[in-house]
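S.K.: structure of the sequence below:
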Amino acid sequence: MKKILFAFLILCGSLANAQLVINEFDSDTPSTNDKQFVEIKSATPNFSLTGYVLVLFNGTGSQANLSYYVLDLDGITTDLNGLALIGNSLVSPVPAKIITDSAFQNGPDGAAIYLGNGTDFPAGTAATTTNLIDALVYETGDPTEATSLLTTFGITAQIDENLNSLQTTQSIQRKNDGTYEVKTPTPGATNDGSGFVYNGLTINVVATEYTEGQTLNITFTTQTNVTTPLTFNYSLSSGNFNTSDYTGSLSVTIATGTNTTVKTITLVDDVIDEGDENMKINVSTIPSQYVRMNDNIIIRILDNDFVVAPWGTPLNPTYGIVTSTAPVGYYNSLEGKSGALLKQALQDIIANPAVVHAHNYGDMETILKKADQNPLNSNQVWLMYTEIPRSKLDIQETGINTGKWNREHIYPQSRGGYSDGTASIPDGINNWAATDANDILAGHADAHHIRAEDGPENSSRGNKDYGEYLGPIGNQGSWHGDVARAVFYMAVRYNALSVVNGNPANTTVGQLGDLALLLQWNQTDPKDDFEMNRNNFIYTWQVNRNPFIDYPNLADYIWGANVGQPWFSTLSTQQFSDDSVVVYPNPANDFVVISGIQNESKVSIYTITGSLVLETALSNETRLPLPISSGVYLMKITSYSKTILKKLIVQ
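M.R.: Here you go, the predicted model:
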């Protein structure tokens with residue numbers, strides 16, 4: 001140990017005039033910036049960082065020279081090499097303090113260590129040399145310089161992480177002479193490879209998902225064989241996942257002369273749907289000559305007691321199983337009205353300040369987990385554009401959206417004029433604000449136009465109009481009618497919003513297109529049970545409904561072919577029978593006409609062996625192309641809870 005310390009002190013001779021320096025910095029990491037880190041070096045080992053603070057500053061723009069991120073270093077102590085690592089959860093070895101993903105901006109910006117506390121540097125604090133210990137101004141191949149920061153800190157040049165055109169795979173590293181170089185990251189180790197070498201402990205699990213009742217093996221491995229028995233404990237509890245959910249030993253011993261051992265855990269298979277849960281493998285204290293190469297490993301535990309709803313997903317819809325829960329007389333005031341009077345009467349219902357409740361953005365997560373619940377698995381939400389389910393647990397909580405779901409505004413925030421938003425902390429169904437048609441801010445948290453969506457796909461849609469945005473490649477359009485009816489609702493609910501023909505500029509506030517396409521989508525993708533169930537649930541929170549789900553043909557009387565005609569609820573009366581539906585010509589060649597349909601329906605065509613070859617929605621007389629080969633088929637036409645079967649011959 002004396003030799004190690006002596007060598008260390010020689011290496012740190014250049015630090016004689018500074019007790020702490022920024023030894024290594026990595027702001028831009030592969031893919032999603034989830035391996036960012038900063039490494040601090042002390043002039044002596046085992047140095048306490050209590051009383052110091054790390055501050056990050058903007059380098060350019062209107063916020064130049066002002067702080068944007070601060071981290072108290074209290075409780076951190078440097079190791080035998082005088083190093084303290086701070087970084088994201090995926091940084092290896094495990095940092096002394098974990099920071100959120102994408103915490104560091106890529107530059108040109110600055111990082112500094114001060115003597116002080118986090119409270120000394122609230123967001124927007126100007127950079128200063130008062131109590132400054134060390135500073136670094138950096139960039140990632142940027143064309144501009146953080147001039148103000150360089151001047152303030154008395155630094156002659158900013159360091160480019162992209163110096164070798166490899167910014168995502170290299171870091172900025174301080175050399176012993178105080179200058180910097182850019183090379184492959186060395187978190188948790190001296191930049192020149194000298195000093196004490198730790199024995200790293202790694203956790204390995206074969207899969208990242210297991211189901212109740214299964215067993216899993218957790219392998220603990222050190223980089224080199226241990227010279228004395230290595231004994232430690234670990235835990236698995238996290239959130240609602242606790243000791244009642246598994247059996248197995250939490251004590252580990254790696255025997256002398258070996259470097260690995262395996263622990264077997266059995267997951268309890270109960271009969272309660274607790275929802276999917278996350279199990280977290282967390283190692284307790286280990287001897288000082290070891291470091292954890294990874295830790296806090298999240299394993300998804302799937303609950304096999306999930307509930308399946310009697311209705312289908314938007315991709316395989318059902319009709320007529322879920323009925324409207326609108327109170328008797330809810331729409332009576334619409335009867336016989338047309339044009340502007342009909343639209344105003346609708347608004348008087350769905351924006352009634354004496355009735356309707358406005359909630360905040362935080363509540364939307366709670367609402368969507370129920371309103372957008374996957375009918376096939378109650379522990380998942382259904383993602384609208386991508387047409388797939390995802391675990392409710394995988395909601396986006398950081399800047400990283402890959403594999404996550406978030407809240408998609410069908411009428412985009414920037415286009416609606418409510419980007420300033422509402423509170424992000426949920427306060428529940430019993431806490432609400434009164435609202436009216438002029439309360440545009442309520443649109444930020446109006447569940448009738450907010451849907452669960454894949455994070456990257458939400459970003460792809462951005463603030464585009466529909467028509468300009470048509471969803472991911474290969475999607476089947478099961479969401480077309482849903483977004484149309486949501487846009488129609490918003491255009492009536494809020495005075496500041498409208499739906500227009502064409503594609504206005506994406507910077508246009510208060511207008512969204514394309515009306516003609518949305519009217520078409522309202523017809524070709526009729527409301528289904530999934531959409532009606534969500535309408536019913538949102539009504540329990542907001543005490544208003546989307547009338548275009550209850551009565552889709554209202555859109556035609558306000559914007560479409562029936563403008564100017566008086567509307568009556570009887571126009572939407574369900575009439576569907578084998579006698580009223582006619583299919584001709586039959587035998588057919590390249591098309592068939594289906595008549596007698598007055599409501600939202602679905603037609604499915606099967607071979608005589610039961611293979612589905614064609615499926616589409618229809619809501620009135622339809623000329624259906626038949627891109628199928630000659631033969632005998634079975635045509636199934638479904639409307640609400642009724643099904644009609646027709647034999648179809650294609651020549």
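S.K.: can you map out the helices along the stretch 101-250 of the chain?
M.R.: Ranges of helices within the stretch 101-250 of the chain are 147-153, based on DSSP state H, counting those that start in this stretch.
S.K.: and the strands in it?
M.R.: Under the criterion DSSP state E, counting those that start in this stretch, the stretch 101-250 of the chain contains strands at 109-115, 132-139, 159-160, 171-174, 180-183, 199-205, 209-211, 215-222, 230-235, 246-247.
S.K.: Gly362 is nearest to which of those strands?
M.R.: Smallest distance to Gly362 across the strands of the stretch 101-250 of the chain (CB to CB): 28.2 Å, for strand 209-211. To be clear about C-beta, it is placed using only N, CA and C from the backbone, and glycine gets the same treatment.
S.K.: I'd like the average pLDDT over the closest one.
M.R.: The pLDDT scores in strand 209-211 average 96.
S.K.: just checking, what packs against that strand?
M.R.: Packing partners of strand 209-211 (3 or more CB pairs under 8 Å, 6 or more residues apart in numbering; DSSP states H and E): strand 297-302.
S.K.: before we move on, the earlier item: would you turn the strands of the stretch 101-250 of the chain into CSV with mean neighbour count and distance to Val94?
M.R.: Below are those laid out as CSV (neighbours: other CB atoms under 10 Å; distance: least, CB to CB, whole Å):
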stretch, mean neighbour count, distance to Val94
strand 109-115, 23, 21
strand 132-139, 22, 23
strand 159-160, 19, 26
strand 171-174, 24, 17
strand 180-183, 16, 22
strand 199-205, 18, 10
strand 209-211, 14, 23
strand 215-222, 17, 14
strand 230-235, 17, 13
strand 246-247, 16, 23
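S.K.: ok, which of the ones you listed comes nearest Ile549?
M.R.: Using CB to CB, these put strand 209-211 closest to Ile549, at 34.9 Å.
S.K.: any regions of this protein where pLDDT drops low?
M.R.: For the chain, applying pLDDT under 70 flags the ranges 1-18, 571-580, 598-599, 640-641.
S.K.: and with 50 instead?
M.R.: For the chain, the stretches with pLDDT under 50 are 1-17, 574.
S.K.: now the strands of the stretch 101-250 of the chain as CSV including distance to Glu397?
M.R.: Shown next, in CSV, are these (distance: least, CB to CB, whole Å):
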stretch, distance to Glu397
strand 109-115, 24
strand 132-139, 27
strand 159-160, 32
strand 171-174, 26
strand 180-183, 32
strand 199-205, 22
strand 209-211, 19
strand 215-222, 25
strand 230-235, 22
strand 246-247, 25
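S.K.: which one of those lies closest to Val650?
M.R.: Nearest of the strands of the stretch 101-250 of the chain (CB to CB): strand 209-211, 44.5 Å.
S.K.: give me the residues contacting the closest one.
M.R.: Leu216, Leu267, Ile299, Arg300, Ile301, Leu302, Asn304 (CB atoms under 8 Å, 6 or more residues apart in numbering).
S.K.: show me what the first one bridges to in the sheet.
M.R.: The bridge-partner assignment for Leu216, based on DSSP bridges, gives Ile265.
S.K.: and it, what does it touch?
M.R.: Residues counted as contacts of Leu216 (CB under 8 Å, 6+ apart) are Val205, Val206, Ala207, Tyr210, Thr264, Ile265, Leu267, Ile299.
S.K.: ok, the residue lying closest to the first one once chain neighbours are set aside to Asn589 distance?
M.R.: Setting aside the residues directly before and after it, Val205 is nearest to Ile218 in space (CB to CB, 6 or more residues apart in numbering), at 5.7 Å. When distances are taken as CB to CB, to the nearest Å, Ile218 and Asn589 turn out to be 64 Å apart.
S.K.: then Val499?
M.R.: From Val499 to Asn589 the distance is 39 Å (CB to CB).
S.K.: the more surrounded of those two?
M.R.: Counting neighbours by other CB atoms under 10 Å for Val499 and for Asn589 shows that Val499 has the greater number, 23 against 10.
S.K.: what kind of secondary structure is the closest residue to the more buried one other than its chain neighbours in?
M.R.: For Val499, ignoring the flanking residues on the chain, the nearest one in space by CB to CB, 6+ apart is Ala491 at 4.4 Å. Assigned with DSSP: H, G, I helix; E, B strand; the rest coil, Ala491 falls in the helix class.
S.K.: hang on, the earlier thing: got the contact list for the residue nearest to Val205?
M.R.: Here Ile218 is in contact with Ile203, Asn204, Val205, Tyr234, Val262, Lys263, Thr264, Ile265, Ile281 (CB under 8 Å, 6+ apart).
S.K.: hmm, try it at 10 Å
M.R.: The contact partners of Ile218, by CB atoms under 10 Å, 6 or more residues apart in numbering, come to 203-206, 234, 236, 248, 250, 252, 261-265, 281, 297, 299.
S.K.: just the buried ones from these?
M.R.: Neighbour-count burial within the contacts of Ile218 applies to Ile203, Tyr234, Leu236, Leu250, Val252, Lys263, Ile265, Ile281, Ile297, Ile299; the criterion is 16 or more other CB atoms under 10 Å.
S.K.: give the burial count for the nearest residue in space to the third one that is not next to it in sequence, as a bare number.
M.R.: With CB to CB, 6+ apart as the measure, Met279 is the residue that lies nearest to Leu236, at 5.2 Å, once sequence neighbours are left out. Using other CB under 10 Å, Met279 has 24 neighbouring residues.
S.K.: right, and the helix or strand after the strand or helix carrying Met279?
M.R.: Mapping Met279 onto the secondary structure by DSSP states H and E places it in strand 277-283. The first helix or strand that comes after strand 277-283 along the chain, using DSSP H and E, is strand 290-292.
S.K.: I'd like to know which elements that following strand is packed against.
M.R.: If you count contacts as 3 or more CB pairs under 10 Å, 6 or more residues apart in numbering; DSSP states H and E, strand 290-292 packs onto strand 199-205, strand 230-235, strand 277-283.
S.K.: how does it look with 8 Å?
M.R.: Right, strand 290-292 is packed against strand 199-205 by 3+ CB pairs under 8 Å, 6+ apart.
S.K.: what is the orientation angle of the strand it packs on with strand 215-222?
M.R.: Orientation of strand 199-205 against strand 215-222 (axes from the mean of the first three to the mean of the last three CA atoms, to 10 degrees) gives an angle of 170 degrees.
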